[in-house]
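Colleague: Sharing a sequence plus its predicted fold:
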Amino acid sequence: MAIAANFRKYAEAMALQLVLPFGRPIWNTSRPTTRLGREIRSFITKAMKARGLVEYPVVPAIPQWWKDAQTRALCLVKFLREHQLTLDLAEKVEEFEKLPSVGEMYKGKLMTVAMHRRLMRLQIIAAEEASGDPELIKIAAWRRRGIKAA
């Protein structure tokens, strides 16, 4: 009784729990024995015939403005790849001590991901400060403020 009362109050809950047979209809027997069953079958058959008569549209072609936008985006990526600056900081970073991998011991403690990232940032900051370039020194100062390192 309580379940039926709930379904009367909340019809959307019942609709969510119904099993809806989408797809091709399947009948239990070759011919329904009740008048209602035969009517339902005739309506389903008419619907299936009508569905077969419907012509589905062909997949629309990609608009030219979209193709043009993709072409321009690829040209931009190509231009940026060709003209990007290469900074050779690897030699300066290698001068510093090599950091152990995550999970290895470092100064009596187990190296964590956070500790590894922090030490890598400190090495990059030290390399920027050692470069002598005023722009890189300014960037290093901003980085030190960001990680609150002295």
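Modeller: Ah, there it is. Residues are numbered from 1 along each chain as shown.
Colleague: Give me the below-cutoff pLDDT ranges for the chain.
Modeller: The model of the chain has pLDDT under 70 over residues 1-4, 6-7, 13-33, 53-57, 87-97, 149-150.
Colleague: ok, which stretches of it are helices?
Modeller: Secondary structure of the chain (DSSP state H): helices located at 2-9, 11-17, 35-53, 64-83, 90-94, 113-130, 134-147.
Colleague: Go through those and pick out the most buried.
Modeller: helix 113-130 (a mean of 15; mean count of other Cβ atoms under 10 Å). (Each C-beta comes from the backbone N, C-alpha and C, glycine too.)
Colleague: Compute the inter-axis angle for that one and helix 134-147.
Modeller: 150 degrees (axes from the mean of the first three to the mean of the last three Cα atoms, to 10 degrees).
Colleague: So which elements touch helix 113-130?
Modeller: helix 90-94, helix 134-147 (3 or more Cβ pairs under 8 Å, 6 or more residues apart in numbering; DSSP states H and E).
Colleague: Does anything pack onto the last one? Which helices or strands?
Modeller: If you count contacts as 3+ Cβ pairs under 8 Å, 6+ apart, helix 134-147 packs onto helix 113-130.
Colleague: just the CA coordinates of stretch 140-148, formatted as PDB?
Modeller: C-alpha atoms of stretch 140-148 as PDB (Å, rounded to 0.1, in the frame of the first residue of the first chain):
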ATOM      1  CA  ALA A 140      63.100  34.700  -9.800                       C
ATOM      2  CA  ALA A 141      62.100  37.200  -7.100                       C
ATOM      3  CA  TRP A 142      58.400  36.700  -8.000                       C
ATOM      4  CA  ARG A 143      58.900  32.900  -7.800                       C
ATOM      5  CA  ARG A 144      60.500  33.200  -4.400                       C
ATOM      6  CA  ARG A 145      57.500  35.200  -3.200                       C
ATOM      7  CA  GLY A 146      55.200  32.600  -4.600                       C
ATOM      8  CA  ILE A 147      56.800  29.700  -2.700                       C
ATOM      9  CA  LYS A 148      57.600  31.900   0.300                       C
END
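Colleague: Fine by me, thanks again.
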